[in-house]
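> Kindly generate the corresponding structure for this input.
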Amino acid sequence: MSAFKLASAAYPLSWFDRFEDYAEKISDWVAKAAGQGAKLLVFPEYGAMELTSLGGREVAADLERGLREVARHAAAVDALHHEVARRHDVMILGASAPYFLGDRPVNRATLYGPEGVIGHQDKQIMTRFERETWDVVAGKGLKAFDTDLGKIGVVICYDSEFPLLARHLVESGAEILLAPSCTDSLAGFTRVRVGSMARALENQCVVAHAPTVGLCDFCPAVDENVGAASIYGPPDRGFPATGILAETELNAPGWAVADVSLAAIREVRRDGGVLNHLHWYEQASRIRS
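From the prediction side, this is the model:
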């Protein structure tokens, strides 16, 4: 599919007494995006931390017990996302969640399609909170997923601020990058926003930024959330002059939805007003000279 609608979520965290309540929320959000014609949906980093509520207030308030509470629901979360992806015939990057590969968890986002799990992407570079307080560890390696909607890469939050990570995915064929985030301040949100826009510029690709938004009074790891959902492209031929294809209001829950054309990405890389993607390699020779 060379053209399709992409939806990026500005997602608030909710308290649930039952897993069925969480399933109803996810189903409703997916239905709303699919109802607007979206074929690829992006949920935010650590959006799954709302599942700490299923362990009760004491568990949700404890950083370590909260991680393990969320992780224990992984199979049910996979089944739910597969079912709604199949029902609506869409692809979904689920909200990232802690996943224990050993003693400590990685921060893992899972890509789902109508046929099931397409693949996983673990966050590569951890923030100070993750490494110094939460002890969430870095994953190993990045992968561009070959899908019916083109090649897709995932740069989770802080990863979007490091150009070589995105460049590796682009050199692996990615034309669309998904940047789920969870930030507790305007400054943090802005860093991911600026990083995502820069990645769209230098790689002449589309980047979808999906943040958590609003207050969460039961889980201290994600108690404050600032952001707006956006979809970016290069500010060049075939794209808006601002580089912003769609965006929500700051801290307002909802979907940013935009039309994405792989043909437009390929054309701007071939004959844009600038050719950042092509000229990337000239940097090294200029530095050495």
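
> Please make it C-alpha for all contacts and neighbour counts, starting now.
Noted.

> Helices of the stretch 51-200 of the chain, residue ranges please.
For the stretch 51-200 of the chain, helices defined by DSSP state H, counting those that start in this stretch occupy the ranges 57-60, 63-71, 74-88, 128, 163-171, 186-203.

> Of these, which stretch is the most buried?
helix 186-203 (a mean of 21; mean count of other Cα atoms under 10 Å).

> Other residues contacting that helix?
Identification of contacts with helix 186-203 by Cα atoms under 8 Å, 6 or more residues apart in numbering yields 157-158, 160-163, 166-167, 170, 179, 181-183, 205-209, 226-227, 232-235, 243, 276-277, 280.

> cool, stretch 140-154 as well?
Residues outside stretch 140-154 that contact it (Cα under 8 Å, 6+ apart): 1-2, 4, 118-119, 121-122, 124, 165-166, 168-170, 172-179, 262.

> Please identify the helix or strand for residue 256.
strand 254-261 (DSSP states H and E).

> gap between that strand and the chain center?
14 Å (Cα atoms, centre = their mean, to the nearest Å).

> For that strand, give the mean pLDDT please.
The average of the pLDDT scores along strand 254-261 is 98.

> And for stretch 191-202?
When pLDDT is averaged over stretch 191-202, the result is 98.

> cool, and stretch 120-135?
Averaged across stretch 120-135, pLDDT comes to 98.

> coming back round to it: need the buried ones from the contacts of stretch 140-154 selected in PyMOL.
Selection command for PyMOL covering only the buried members of the contacts of stretch 140-154, criterion 16 or more other Cα atoms under 10 Å:
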select buried, resi 4+118+121+122+124+165+166+169+170+172+173+174+175+176+177+178+179+262
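
> need the strands for the chain, in chain order.
Along the chain, counting by DSSP state E, strands occupy 3-12, 38-42, 91-93, 97-100, 105-113, 116-122, 145-147, 150-154, 176-181, 206-215, 224-225, 230-232, 244-247, 254-261.

> that older thread, can you tell me the strand partners of the strand holding residue 256 and which way each runs?
Looking at strand 254-261 with DSSP bridges, its partner strands are strand 3-12 (antiparallel).

> what about the partner strand, distance to the chain center?
Its chain's average C-alpha position is 10 Å from that of strand 3-12, according to Cα atoms, centre = their mean.

> Also stretch 140-157?
10 Å.

> how about it as CSV, C-alpha atoms only?
The C-alpha trace of stretch 140-157 is given here as CSV (Å, rounded to 0.1, in the frame of the first residue of the first chain):
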residue,chain,number,x,y,z
LYS,A,140,19.9,-5.0,22.0
GLY,A,141,19.6,-3.9,18.5
LEU,A,142,17.2,-2.1,16.1
LYS,A,143,15.1,-3.6,13.3
ALA,A,144,13.2,-2.2,10.4
PHE,A,145,9.9,-4.2,10.1
ASP,A,146,8.9,-5.1,6.5
THR,A,147,5.1,-4.7,6.4
ASP,A,148,2.3,-4.3,3.9
LEU,A,149,2.5,-0.5,4.7
GLY,A,150,6.2,-0.3,3.9
LYS,A,151,9.3,-0.6,6.1
ILE,A,152,8.8,0.8,9.6
GLY,A,153,11.3,1.6,12.4
VAL,A,154,10.7,2.4,16.0
VAL,A,155,12.7,4.9,18.1
ILE,A,156,11.2,5.0,21.6
CYS,A,157,11.2,8.4,23.2
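
> Only the buried residues of it, if you could.
Buried-residue list, stretch 140-157, by 16+ other Cα under 10 Å: 142-145, 149-157.

> Check residue 289 and give its pLDDT.
Residue 289 carries a pLDDT value of 57.

> Likewise for residue 86?
At residue 86, pLDDT is 98.

> That one - nearest residue in space that isn't next to it in sequence?
In this structure, residue 86 finds its nearest non-sequential neighbour in residue 114, 3.8 Å apart by Cα to Cα, 6 or more residues apart in numbering.

> what's the burial count for the one you found?
By other Cα atoms under 10 Å, the residues close to residue 114 number 18.

> next one: phi and psi at it?
The phi/psi pair for residue 114 (degrees, to the nearest 10) reads phi -60, psi -20.

> can you tell me how far it sits from residue 211?
To residue 211, residue 114 is 24 Å away according to Cα to Cα, to the nearest Å.

> residues touching residue 265, list them.
Listed by Cα under 8 Å, 6+ apart, the contact set of residue 265 reads 175, 204, 205, 206.
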